[in-house]
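Enquirer: what's the 3D shape of this:
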Amino acid sequence: MAKSETATVNRKSDIISAAIEVFAEVGYYRATTAQVAERAQISQPYIFRFFATKEALLLASLEVSWTRVIDSFRKVVESASPEHLENGLIDAYEDILDEHKNEILLQMQAQTIREQSIQEAMRHGFGEVRGMVLDAFLAAAIPNAGERTMLFLARGMLCNISVALEMPELKEK
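Expert: Numbering: from 1, shown residues only. The predicted model follows:
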């Protein structure tokens with residue numbers, strides 16, 4: 001990759017990171033591209049060089065957050081023994097919650113946004129995670145794999161609420 005291409009990719013990544021922070025802090029509807037630009041230390045028009053709309057920026061931010069979850073889970077699925085699979089996935093998700101809290105807060109907010117494209121992105125992300133976990137549980141011959149998948153996802157949602165409301169007791173085992 002040429003130096004200018006690398007700089008462009010890095011700048012786009014910086015914008016997405018800033019957007020994740022701003023959207024998580026003030027919400028999608030209250031956030032402005034001016035706030036994102038200020039956080040990214042660029043001019044507001046420069047954002048529109050990469051993203052045609054604020055919604056496109058949100059969709060890119062959601063893609064980054066879902067990719068992080070999916071990639072983390074994929075590493076566990078590829079390396080964990082069947083008896084350590086579920087705990088490995090739980091640990092991976094807790095690491096994401098600790099290290100990338102804003103991405104999870106962003107996903108939580110996006111669940112309530114009614115725009116079709118955002119709902120579609122959220123359905124796709126949840127669907128991919130659900131499918132990966134279910135397939136892994138089935139391959140590991142975990143009894144009641146469908147129910148265990150549902151409980152795993154429900155536990156993840158409870159962990160999200162725990163982080164958002166600063167109620168760590170909701171995550172206790």
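
Enquirer: what comes into contact with stretch 118-135?
Expert: For stretch 118-135, the external contacting residues (C-beta atoms under 8 Å, 6 or more residues apart in numbering) are 55, 58-59, 62-63, 65-66, 69-70, 73-74, 77, 89, 107, 110-111, 113, 145-146, 149, 152-153. Using the backbone N, CA and C atoms, a C-beta is placed for each residue, glycine as well.

Enquirer: Which other helices and strands does whichever strand or helix holds Leu105 contact?
Expert: Assigned by DSSP states H and E, Leu105 belongs to helix 101-110. Counting contacts by 3 or more C-beta pairs under 8 Å, 6 or more residues apart in numbering; DSSP states H and E, helix 101-110 packs against helix 3-26, helix 54-79, helix 85-99, helix 116-139, helix 145-164.

Enquirer: where does the chain dip in pLDDT?
Expert: Along the chain, the model assigns pLDDT under 70 to residues 1-5, 7, 173.

Enquirer: Now the residue most central in space within it. Nearest residue, chain neighbours left out?
Expert: Residue closest to the mean C-alpha point of the chain, counted by C-alpha atoms, centre = their mean, is Ser65 at 2.7 Å. Among residues not flanking Ser65 along the chain, Glu103 sits closest, at 3.7 Å (C-beta to C-beta, 6 or more residues apart in numbering).
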